[in-house]
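Enquirer: next one to model:
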Amino acid sequence: MLDLNGSAQTIASLSGDATSTVALGGGTLTTGGDNTSTTFAGTIADAGGASANTGGSLIKIGNGTMVLSGSNTYSSGTDVQGGTLVLTSPAALENGTSLTIGADAAAIFAAAPAAAPSAPAAVSPVPEPGTLALLTTLWSAVACYRFFRRRK
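Expert: Numbering: from 1, shown residues only. Model prediction:
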């Protein structure tokens, strides 16, 4: 378990299985500076420390790919400043949180868990940073698109 206890913490990379836990406690976790590709299947939550449940956030930096496949409940948003963030589950980001994608970054919403992370084949960076409000309907739209695309 990594407990930020409400502070800001920068780590080289984050990986772990479904039993792994990161407790932000209102803090900010910055990860990816070592430019590796990793998968985190555990839980990232606001819980932990004196500032528990006050809204922690995640910042992805570096040029590697980070796969989030667990059920995460942190509430102050995700900022992808570099590399690629792959979300393989509708629960990978809490409903109603923000996702900010920088000019040198990308986000991929995948319907099934990815195998070993690798560089995306045809992902181009967002020309300007933007913030998206994540809603459950987004996942429905992605599923419908993939369903109808396969039927052609």
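
Enquirer: which parts of the chain are strands?
Expert: 2-3, 8-11, 21-23, 28-31, 38-40, 43-45, 57-60, 65-68, 78-80, 83-87, 98-101, 105-109, 130-133 (DSSP state E).

Enquirer: output the lowest mean pLDDT helix or strand found in the chain.
Expert: strand 130-133 (a mean of 45; mean pLDDT, DSSP states H and E).

Enquirer: as a markdown table, the strands of the chain with mean neighbour count would be great.
Expert: Placement of C-beta: from N, CA and C, glycine included. Formatted as a markdown table, these follow (neighbours: other Cβ atoms under 10 Å):
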| stretch | mean neighbour count |
| --- | --- |
| strand 2-3 | 16 |
| strand 8-11 | 13 |
| strand 21-23 | 22 |
| strand 28-31 | 20 |
| strand 38-40 | 21 |
| strand 43-45 | 23 |
| strand 57-60 | 24 |
| strand 65-68 | 24 |
| strand 78-80 | 23 |
| strand 83-87 | 23 |
| strand 98-101 | 19 |
| strand 105-109 | 18 |
| strand 130-133 | 11 |
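
Enquirer: worst mean pLDDT among those strands?
Expert: With a mean of 45, strand 130-133 has the lowest mean pLDDT of the strands of the chain.

Enquirer: wait, what's in contact with Phe40?
Expert: Applying Cβ atoms under 8 Å, 6 or more residues apart in numbering to Phe40 gives the contacts Leu14, Ser15, Gly16, Ser20, Met66, Val67, Leu68, Ser69, Gly70.

Enquirer: could you dump those residues into TSV with distance to Thr100 added?
Expert: Shown next, in TSV, are the contacts of Phe40 (distance: Cβ to Cβ, whole Å):
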residue	distance to Thr100
Leu14	18
Ser15	23
Gly16	24
Ser20	24
Met66	15
Val67	18
Leu68	15
Ser69	21
Gly70	21
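
Enquirer: and of those, the nearest to Ser76?
Expert: For those, the residue nearest Ser76 by Cβ to Cβ is Leu68; the value is 15.4 Å.
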